[in-house]
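> this one's structure only:
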């Protein structure tokens, strides 16, 4: 399915607001929980990244060590 940026933005707004019901292009979908909604966001981001050829942002943990070695 071809997703639009507007659909992705609507999902992200709903997730940020803690809402499970999303309306986009006259269609309303209610997700069972926040994890389902976030999963849909990640799927759409992944599919859009594959189409455009742009990499997904990567988040990681910083490591720190005390003392010189």
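Nice, thanks for sending it over. Bear in mind that the values here come from a model prediction, so they are computed numbers and not experimental data.
> Look up phi and psi at the spatially closest residue to residue 34 that is not a sequence neighbour.
Spatially, and ignoring its direct neighbours in sequence, residue 34 is nearest to residue 15 (6.7 Å; CB to CB, 6 or more residues apart in numbering). Just so you know, the C-beta spots here come from the backbone N, C-alpha and C atoms, and that holds for glycine as well. Residue 15 adopts backbone torsions of phi -60, psi -40, taken as degrees, to the nearest 10.
> Assign the residue nearest the centre of the chain to helix, strand or coil.
By CA atoms, centre = their mean, the chain has its centre lying nearest to residue 41, at 3.2 Å. Secondary structure, DSSP: H, G, I helix; E, B strand; the rest coil: residue 41 is helix.
> Please verify my assumption that it contacts residue 12.
Yes. Residue 41 is in contact with residue 12 according to CB atoms under 8 Å; the separation is 6.1 Å.
> who does residue 27 bridge with?
Under DSSP bridges, the beta-bridge partners of residue 27 are residue 24.
> where's it relative to residue 7, distance?
9 Å (CB to CB, to the nearest Å).
> Compare these two (neighbour count), which wins?
In this view residue 27 and residue 7 are compared by other CB atoms under 10 Å, and residue 7 has more residues nearby, 19 against 8.
> Once you drop chain neighbours, what's closest to that one?
residue 24 (4.8 Å).
> before we move on, what about residue 14?
Residue 14 sits nearest to residue 22 (CB to CB, 6+ apart), 4.6 Å away.
> so that neighbour is in which element?
Using DSSP states H and E, residue 22 sits within strand 21-24.
> what does that strand rub up against?
6-7, 10-11, 14, 28-31, 37 (CB atoms under 8 Å, 6 or more residues apart in numbering).
> how about these, which pair is most distant?
6 and 30 (18.6 Å; CB to CB).
> on that earlier part again, any chance of a ChimeraX selection covering the buried ones in the contacts of strand 21-24?
Typed into ChimeraX, the line below selects the buried ones among those, using 16 or more other CB atoms under 10 Å:
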select :7,10,11,14,29,31,37
